[in-house]
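1. Below: sequence and its predicted model.
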Amino acid sequence: MTYEDTPSDAADDAPGTPPPADATRVVRAGLPDPEPYEPALPGPVFAAHYHLPGDVAGAPYDYGRDANPTWTRLEAALAELESPGAPAEAVAFASGMAAITAVLMTAPGTRGPGAGHVVLPADGYNLVPGGLRALLEEHGTDVRTAPTAGDAQGELLDGARLLWLETPSNPGLDVCDIRRLAAAAHAAGALVAVDNTLPTPLGQRPLELGADLSVASGTKALTGHGDVLLGYAVTRDAALARRLRTWRKTAGAIPGPMEAWLAHRSLATLELRTARQATNARAVAEALSATPGVRDVRHPGLPSDPAHALAARQMRAGRYGCVVAFTLPDRAAAERFLGAARLVDEATSFGGVRSTAERRGRWGGDAVPEGFVRFSAGVEDTADLVADLREALAYALTR
């Protein structure tokens with residue numbers, strides 16, 4: 001059920017009534033019609049199999065690896081949020097990487113005689129141009145990479161069958177023009193998939209900008225509490241959705257009912273959480289920019305950021321995400337900062353209600369300096385958070 005399916009007064013149905021705002025939409029997206037004495041969001045359905053009397057051809061659920069009522073509600077909500085203006089289908093997965101792998105492994109025309117190549121961002125999440133590239137090449141897919149900034153991927157579209165974009169990129173926060181690249185890719189005969197993890201559908205809607213698929217890790221800001229592993233892909237193309245469901249069923253990359261239920265539950269606060277996170281991220285970026293010894297501060301919401309003008313055109317106003325990147329003089333300074341911050345947990349991942357940060361170079365795989373820090377703003381009081389960071393930076397930069 002979508003928000004528009006709910007009963008409304010006659011006045012609400014009048015021509016010209018604007019669609020509901022995001023804060024309203026996220027609270028009701030994917031909920032079933034109200035039932036007396038039943039919860040607003042029914043609990044997770046744990047079932048491997050269902051009673052199947054007679055002909056099962058029309059059964060909505062048959063075996064637990066194919067579909068689940070809890071997934072169905074979550075997928076309806078995700079489709080509505082990613083594509084409020086047009087029908088779409090969402091497919092939920094066990095993790096963001098499961099969703100990404102499904103899209104890349106099922107892309108039509110990327111293997112076999114006469115296959116075209118896949119274009120990946122060279123500076124995206126490091127498992128994509130790294131381990132996942134190796135997996136694709138083992139299966140006969142030709143992979144080419146280009147940096148996100150400057151729409152460099154557009155130079156590799158001749159003969160491509162799939163263009164993969166990540167914007168803003170993780171962890172460098174560069175931005176590319178989805179609309180322009182999607183038009184160029186389609187003219188070259190390629191599909192376009194966009195990793196929308198960092199912005200969430202409240203910050204950016206790739207399908208409205210011309211992409212064929214919007215893919216994300218629900219582990220991050222979508223669910224926002226650091227307690228769920230989940231991924232999804234949304235498309236307006238029914239054939240692509242079928243391919244993804246077939247892959248999910250065959251590979252067994254299915255989300256657990258509890259994870260799906262927790263994710264759906266978390267959507268109700270998505271607008272509130274991401275609004276505060278965006279406010280905090282902007283304040284942190286401004287404070288960092290004014291601190292001597294801190295360099296290369298990146299956040300798409302900063303007017304001085306090289307990606308700001310483009311981000312302002314394709315991302316939603318004020319919704320530039322929770323991530324800020326910056327560089328301290330060296331590894332020791334970054335580690336002193338992380339150890340001194342009281343309100344910032346040293347942890348990987350991002351998008352949670354508690355602020356986190358890490359020295360990204362500790363993992364390898366990202367082309368970043370040793371003192372590079374990826375910071376994720378939580379929902380703490382803005383003044384408290386900025387004061388804590390200033391104290392931690394003062395300690396880190398004077399030792």
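-> Right, received. Where do you want to start? Numbering: from 1, shown residues only.
2. What is the burial count for residue 139?
-> When neighbours are defined as other CB atoms under 10 Å, residue 139 has 10 of them. Any C-beta I mention is one placed from the backbone N, CA and C, and that applies to glycine too.
3. what separates it from residue 59, distance-wise?
-> 34 Å (CB to CB, to the nearest Å).
4. Over to residue 159?
-> 43 Å.
5. before we move on, what about residue 243?
-> 22 Å.
6. Mind checking which of those two has more residues around it?
-> residue 243 (19 against 15).
7. ok so the more buried one is a strand residue?
-> No - assessed with DSSP: H, G, I helix; E, B strand; the rest coil, residue 243 is helix; it does not lie in a strand.
8. So it sits against residue 106, correct?
-> Yes - counting by CB atoms under 8 Å, residue 243 does reach residue 106; the two are 4.4 Å apart.
9. Strands along the stretch 101-250 of the chain, start to end?
-> Using DSSP state E, counting those that start in this stretch, the strands found in the stretch 101-250 of the chain span residues 117-121, 143-146, 160-166, 191-195, 213-217, 231-235.
10. Out of those strands, which is closest to residue 68?
-> Among these, the nearest to residue 68 by CB to CB is strand 231-235 (14.0 Å).
11. Indicate each strand paired with the closest one and its parallel or antiparallel sense.
-> strand 89-93 (antiparallel), strand 213-217 (antiparallel) (DSSP bridges).
12. now the strands of the stretch 101-250 of the chain as CSV including mean pLDDT, mean neighbour count and distance to residue 368?
-> Output for the strands of the stretch 101-250 of the chain, formatted as CSV (pLDDT from 0 to 100; neighbours: other CB atoms under 10 Å; distance: least, CB to CB, whole Å):
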stretch, mean pLDDT, mean neighbour count, distance to residue 368
strand 117-121, 96, 25, 15
strand 143-146, 95, 18, 17
strand 160-166, 97, 26, 15
strand 191-195, 98, 26, 18
strand 213-217, 98, 29, 20
strand 231-235, 98, 28, 24
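13. Let's have the ones you listed in JSON lines, adding distance to residue 36.
-> Below are the strands of the stretch 101-250 of the chain laid out as JSON lines (distance: least, CB to CB, whole Å):
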{"stretch": "strand 117-121", "distance to residue 36": "50"}
{"stretch": "strand 143-146", "distance to residue 36": "55"}
{"stretch": "strand 160-166", "distance to residue 36": "46"}
{"stretch": "strand 191-195", "distance to residue 36": "42"}
{"stretch": "strand 213-217", "distance to residue 36": "35"}
{"stretch": "strand 231-235", "distance to residue 36": "32"}
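14. Figure out which of those strands is closest to residue 90.
-> The closest of those to residue 90 is strand 231-235. By CB to CB, the value is 4.5 Å.
15. Tell me where this structure is predicted with low confidence.
-> Applying pLDDT under 70 to the chain flags the ranges 1-15.
16. and residue 88, which of the strands of the stretch 101-250 of the chain is closest to it?
-> strand 231-235 (5.4 Å).
17. so how far is the closest one from its chain's centroid?
-> 9 Å (CA atoms, centre = their mean, to the nearest Å).
18. And for stretch 222-236?
-> 7 Å.
19. and if you look at stretch 218-234?
-> Put simply, stretch 218-234 sits 8 Å off its chain's centre (CA atoms, centre = their mean).
20. Ok, stretch 263-272 next?
-> Relative to the centre of its chain, stretch 263-272 is centred 14 Å away, using CA atoms, centre = their mean.
21. Show me what counts as buried in it.
-> Of all the residues in stretch 263-272, those buried under the rule 16 or more other CB atoms under 10 Å are 263, 264, 265, 266, 267, 268, 269, 270, 271.
22. can you give me the end-to-end distance of stretch 146-160?
-> 13 Å (CA to CA, to the nearest Å).
23. cool, stretch 203-220 as well?
-> End-to-end for stretch 203-220, by CA to CA: 14 Å.
24. And stretch 170-184, by the same measure?
-> 23 Å.
25. Tell me how many other residues surround residue 88.
-> The number of residues near residue 88, taken as other CB under 10 Å, comes to 22.
26. returning to what we had before: can you check which of the strands paired with strand 231-235 gets nearest to residue 22?
-> Across the strands paired with strand 231-235, closest to residue 22 is strand 213-217 (CB to CB), at 15.7 Å.
27. Can you name the residues in contact with that closest one?
-> With CB atoms under 8 Å, 6 or more residues apart in numbering as the test, strand 213-217 has contacts from 82-83, 95-97, 99-100, 103, 191-197, 200-201, 205-207, 222, 230-235, 240.
28. now with 6 Å?
-> By CB atoms under 6 Å, 6 or more residues apart in numbering, the residues outside strand 213-217 that reach it are 82, 96, 99-100, 103, 193-197, 206-207, 231, 233-235.
29. now do stretch 229-247
-> 78-79, 82, 86, 88-93, 95-96, 98-99, 102-103, 106, 213-215, 217-219, 255, 259, 263.
30. one more time with 7 Å, if that's ok
-> 78-79, 82-83, 86-99, 102-103, 105-106, 207, 212-219, 223, 255, 259, 263 (CB atoms under 7 Å, 6 or more residues apart in numbering).
31. now do stretch 324-339
-> With CB under 7 Å, 6+ apart, stretch 324-339 has contacts from 171-173, 281, 284-285, 288, 293-299, 346, 357, 359, 369-375, 377, 392-393, 395-397, 399.
32. Buried by neighbour count, from these: which ones?
-> Counted by 16+ other CB under 10 Å, these give 171-173, 281, 284-285, 288, 294, 297-299, 357, 359, 369-375, 377, 392-393, 396-397 as buried.
33. Find the nearest non-adjacent residue to residue 206, please.
-> Residue nearest to residue 206 in three dimensions, not counting chain neighbours: residue 194, with 3.7 Å by CB to CB, 6 or more residues apart in numbering.
34. which ones are touching that neighbour?
-> 165, 167, 178, 206, 211, 214, 215.
35. Quickly note the distance from the last one to residue 97.
-> Between residue 215 and residue 97 the distance, using CB to CB, works out to 10 Å.
36. my guess is residue 153 meets residue 120, correct?
-> No - counting by CB atoms under 7 Å, residue 153 does not reach residue 120; the two are 8.4 Å apart.
37. Buried residues in stretch 235-244, which are they?
-> Residues 235, 236, 240, 241, 243, 244 are the ones in stretch 235-244 that count as buried (16+ other CB under 10 Å).
38. Good, wrapping up.
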